[in-house]
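Participant: Predicted model follows, preceded by the sequence.
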Amino acid sequence: MDITSTVSVAIGVAGLAYAIYQGRQYRKLRTVNRIQAWFIYSKANNVTALIQNAVIRYQLVHRANLDAMMIEFLSKGDAHSLELIKETIRQVQLAEPRFDESAFQRWISQGKLNEKQKALFVQMAINDADSKERK
């Protein structure tokens, strides 16, 4: 075997080893992205619940003397938190290998979401299916 063949084989083996390494790194990155997407979803969901509870609590405590500006601020906070929830669901959708009814049921059984939260996930899945049909 001449020097050119030896160098070619060495480069090929090095390339294969690097491809295997990159594949493992990619899988690790996908796992980290999935974990982060669920963490952010959880925290955004908590914020949304707190804001919605604040609106209800404020209306109960101050029903005789509601401040329109306070209601407006709380309502805007609620609207923004709902948009944040939708975006975090989109991040979950991008991070998860499956985003369909069977995945939703699995996540419910795992405690990642409940039936009420599932409705927003279903909306995103429908949007995803619609966009795939257009392609």
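Facilitator: That came in fine, so what should we check first? From a predicted model like this one, the values you see are computed outputs, not experimental measurements.

Participant: Show me what whichever strand or helix holds Phe73 is packed up against.
Facilitator: Of the helices and strands defined by DSSP states H and E, Phe73 is found in helix 68-95. If you count contacts as 3 or more Cβ pairs under 8 Å, 6 or more residues apart in numbering; DSSP states H and E, helix 68-95 packs onto helix 3-61, helix 115-134. Placement of C-beta: from N, CA and C, glycine included.

Participant: Next, the angle from that helix to helix 3-61.
Facilitator: Between the axes of helix 68-95 and helix 3-61, defined by axes from the mean of the first three to the mean of the last three Cα atoms, to 10 degrees, the angle is 150 degrees.

Participant: which element follows helix 68-95 toward the C-terminus?
Facilitator: Stepping forward along the backbone from helix 68-95, the first helix or strand reached (DSSP H and E) is helix 101-110.

Participant: For Leu29, see how far away Asn65 is.
Facilitator: Computed with Cβ to Cβ, to the nearest Å, the distance linking Asn65 and Leu29 is 53 Å.

Participant: Per-residue confidence, the residue most central in space within the chain, what does it come out as?
Facilitator: The residue lying closest to the centre of the chain (Cα atoms, centre = their mean) is Val92, at 2.3 Å. In the prediction, the pLDDT value recorded for Val92 is 96.

Participant: try the one 3 residues further on
Facilitator: In the predicted model, Ala95 carries a pLDDT score of 94.

Participant: cool, and Leu113?
Facilitator: Reading off the confidence values, Leu113 has pLDDT 92.

Participant: Tyr26: how many residues sit nearby?
Facilitator: Around Tyr26 there are 10 other residues, counting by other Cβ atoms under 10 Å.

Participant: measure it to Tyr18 for me?
Facilitator: With distances defined as Cβ to Cβ, the gap from Tyr26 to Tyr18 amounts to 12 Å.
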